[in-house]
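>>> got a predicted model here, sequence first, then my questions.
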Amino acid sequence: MAKAVRAEPEPELEVPVPVRGPERGPIKLRVNGEKHELWVEPRRTLLDALRDDLGLTGAKKGCDEGTCGTCTVLLDGKPIYACLRLAIECEGHEITTIEGLAQGGELHPVQRAFIEEDALQCGFCTPGQILSVKALLDENPNPTEEDVRRAVSGNLCRCGAYPHIVRAALRAAKGLAERPGR
Ligand code: FES
Ligand code: FES
């Protein structure tokens with residue numbers, strides 16, 4: 001099976017010391033600007049905490065072993081595989097999921113560009129692709145096609161929508177650059 005590989009290394013986090021568990025305990029997560037208190041086992045992945053405890057199902061569980069990218073969320077603005085992180089590792093950090101992108105009923109420009117460029121077929125990989133593109137544009141507002149391809153290299157699209165995904169990213173970059181105040 002094809003394997004997605006991120007071009008950039010994911011951020012390292014310190015595991016809280018002393019190590020907790022194995023029984024359930026309280027943890028605090030900050031997701032899309034909101035604070036949440038959960039009662040979870042230390043082995044609970046961030047992906048399961050988001051999907052099953054917080055009901056944020058935009059991040060998808062594809063492989064559950066770090067090879068597809070459908071679970072991509074942002075940790076302090078950087079894309080990570082939520083299936084490979086423990087929820088407790090993420091205490092004290094800001095998590096952004098696809099549910100946090102639209103503001104005031106308005107889609108984020110990257111979301112809009114994906115629709116306008118028809119950058120999806122089944123849509124299963126789409127939340128992760130959009131978050132990887134958002135992270136890229138936050139860091140590099142004027143990316144090349146090559147930059148976009150590197151940014152989504154950790155997100156597998158089985159439908160082969162990559163040409164449209166690249167066009168959507170470049171379109172979003174242009175739209176953001178033309179926004180007043182930038
Ligand atoms: S679910 Fe496939 S990388 Fe996380
Ligand atoms: S749109 Fe189907 S996997 Fe990407």
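Alright, I've got the coordinates. Ligands and ions are numbered 1, 2, ... in the order given.

>>> so Leu13 makes contact with Ile95?
No. Using C-beta atoms under 8 Å, Leu13 is not in contact with Ile95, being 11.9 Å away. Quick note: C-beta positions are derived from backbone N, CA and C, even for glycine.

>>> any residues in contact with both of those two?
Residues touching both Leu13 and Ile95 (C-beta atoms under 8 Å, 6 or more residues apart in numbering): Leu75.

>>> Pro143 is in what secondary structure piece?
Under DSSP states H and E, no helix or strand contains Pro143.

>>> distance of it relative to Val152?
The gap separating Pro143 from Val152 is 11 Å, by C-beta to C-beta, to the nearest Å.

>>> what touches both of those two?
Taking C-beta under 8 Å, 6+ apart as the criterion, Pro143 and Val152 both touch Ala169.

>>> between those two, who's got more neighbours?
Taking neighbours as other C-beta atoms under 10 Å, Pro143 and Val152 compare with Val152 leading, 26 against 20.

>>> report the contact partners of that one.
By C-beta under 8 Å, 6+ apart, Val152 lies in contact with Gln129, Ser132, Val133, Tyr162, Ile165, Val166, Ala169.

>>> alongside ligand 1, which residues does this protein contribute?
Lys61, Gly62, Cys63, Asp64, Gly66, Thr67, Cys68, Gly69, Thr70, Cys71, Tyr81, Cys83 (C-beta under 6 Å from any ligand atom).

>>> turn the residues you listed into TSV, including neighbour count.
Shown next, in TSV, are these (neighbours: other C-beta atoms under 10 Å):
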residue	neighbour count
Lys61	16
Gly62	19
Cys63	16
Asp64	15
Gly66	18
Thr67	18
Cys68	26
Gly69	27
Thr70	26
Cys71	29
Tyr81	29
Cys83	23
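
>>> Glu178: which of those is nearest?
Glu178 lies nearest to Gly69 out of those, by C-beta to C-beta, at 29.2 Å.

>>> pLDDT of the helix or strand containing Ala168, averaged?
Under the criterion of DSSP H and E, Ala168 resides in helix 162-177. Mean pLDDT, computed over helix 162-177, is 96.

>>> write out the residues of the chain neighbouring ligand 2.
The chain has residues Leu120, Gln121, Cys122, Gly123, Phe124, Cys125, Thr126, Cys157, Arg158, Cys159, Ala161 near ligand 2, with proximity defined as C-beta under 6 Å from any ligand atom.
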